[in-house]
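S.K.: How does the following fold in three dimensions:
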Amino acid sequence: MSLTDTYTLANDTKIPVLGFGTWQSADGDVAYQAVKWALDAGYRHIDTAAIYGNEASVGRAIKDSGIPRESLFVTSKLWNDARTYDTVTKALDVSLDKLGLDYLDLYLIHWPNPAGVQVKGEHAWQSANAETWHAFEDAYTSGKVKAIGVSNFQIHHLEELTKTQNIAPMVNQNFLNPSDQQVELVTYNNAHNILNEAYSPLGTGKLIDLPQVSSLAEKYNKSIPQILIRWSLDKGFLPLPKSTHESYIQANADVFDFVLTVEDIVSLDQLQAIGGLHTNADQVSF
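M.R.: Alright, predicted model coming up:
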């Protein structure tokens with residue numbers, strides 16, 4: 001496995017096995033330089049979102065890199081304020097315009113049951129997701145996006161979507177790391193040919209200081225983040241590490257010259273809940 005290796009999605013789209021996350025990368029020079037460093041380091045998979053507010057800077061870095069568009073994989077996500085067919089269609093066009101792209105490689109529904117939908121009633125999220133997904137399917141068939149998926153969806157959200165979908169989600173991006181392995185959800189996704197993408201593969205930093213992880217870093221002569229990213233890859237996930245520091249961006253990609261033993265993977269599995277758990281998607285306040 002290498003930085004240029006890919007997973008194959010349900011529609012045969014190839015997606016690089018490691019992505020570069022841009023959450024909390026401030027719009028302007030910070031996001032621009034981080035993405036530029038990532039591309040220089042060999043990353044070809046860039047993950048952003050409308051709510052990150054940095055799509056324009058991400059797009060500028062992509063353009064200035066000079067890398068052919070077909071060599072890149074770019075993901076963005078629909079924010080919670082667009083949950084009707086027309087607003088979804090417009091939001092996608094806005095993201096494409098900010099990024100300076102003709103198409104996205106992957107477009108995700110960011111959250112399944114946002115606050116603006118919750119206030120409409122207990123069962124409002126079902127119809128909102130159905131309408132949103134219909135717009136996603138049309139964007140896919142029109143070629144504006146090459147693959148479609150979801151983020152932060154739990155099993156009951158996915159099951160409900162099956163009642164109205166014509167095309168199944170190809171990706172489910174979630175908070176996945178040794179502290180929150182979401183085993184039932186991962187198993188469900190695998191059974192339905194939905195790729196598990198892992199945001200916050202370092203557990204938002206909460207796993208960094210644990211002796212169980214630092215001892216493995218010493219054993220493999222790797223950094224703690226590299227150990228955690230490797231765990232994600234060894235689980236078959238697609239991790240999305242993020243940083244705005246050039247040295248960390250480079251180091252986070254240097255995870256393909258070793259694999260964890262089964263015993264060491266199991267030892268990391270014992271960290272469940274130690275570094276935090278995912279946000280309940282049905283109780284978000286945004």
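S.K.: how near is the closest residue to residue 135 other than its chain neighbours to residue 6?
M.R.: Nearest residue to residue 135 in three dimensions, chain neighbours excluded: residue 88, at 3.8 Å (CB to CB, 6 or more residues apart in numbering). C-betas here are computed from N, CA, C, even on glycine. Per CB to CB, to the nearest Å, residue 88 is found 28 Å from residue 6.
S.K.: same deal with residue 78?
M.R.: 24 Å.
S.K.: Residue 19 now?
M.R.: 11 Å.
S.K.: and the two? which has more neighbours close in?
M.R.: Neighbours were counted for residue 19 and for residue 6 using other CB atoms under 10 Å; residue 19 has more, 26 against 15.
S.K.: List phi and psi for the nearest residue to that one once chain neighbours are set aside.
M.R.: Distances taken as CB to CB, 6+ apart put residue 45 closest to residue 19, at 3.9 Å, once the chain neighbours are dropped. Phi and psi for residue 45, reported as degrees, to the nearest 10, are phi -120, psi 110.
S.K.: what do you get for the one 3 residues further on?
M.R.: Residue 48 has phi and psi values of phi -140, psi -170 when expressed as degrees, to the nearest 10.
S.K.: what does the model give it for pLDDT?
M.R.: Looking at residue 48, its pLDDT stands at 98.
S.K.: Residue 269 too?
M.R.: Looking at residue 269, its pLDDT stands at 97.
S.K.: Buried residues, stretch 133-140. List them.
M.R.: 133, 134, 135, 136, 137, 138, 139, 140 (16 or more other CB atoms under 10 Å).
S.K.: do you know how far the last one is from residue 108?
M.R.: Using CB to CB, we find residue 140 at a distance of 12 Å from residue 108.
S.K.: Give the intersection of the neighbour lists for the two.
M.R.: residue 148 (CB atoms under 8 Å, 6 or more residues apart in numbering).
S.K.: For the residue nearest to residue 19, list the residues it contacts.
M.R.: Per CB under 8 Å, 6+ apart, neighbours of residue 45: 15, 16, 18, 19, 20, 72, 73, 74, 75.
S.K.: For residue 107, which non-adjacent residue is spatially closest?
M.R.: Using CB to CB, 6+ apart, the closest residue to residue 107 is residue 145 (4.3 Å).
S.K.: Can you name the residues bridging to that neighbour?
M.R.: Applying DSSP bridges to residue 145 yields these beta-bridge partners: residue 104.
S.K.: quick one, what contacts it?
M.R.: 92, 103, 104, 105, 106, 107, 136, 139.
S.K.: Could you do residue 286 as well?
M.R.: Residues near residue 286 by CB under 8 Å, 6+ apart: 80, 111, 114, 115.
S.K.: Could you rerun that using 7 Å?
M.R.: 80, 114, 115 (CB atoms under 7 Å, 6 or more residues apart in numbering).
S.K.: Just the ones of the residues you listed in helices?
M.R.: Secondary structure from DSSP state H places residue 115 of those in helices.
S.K.: Considering the contacts of residue 286, which possesses the most neighbours?
M.R.: residue 114 (22 neighbours).
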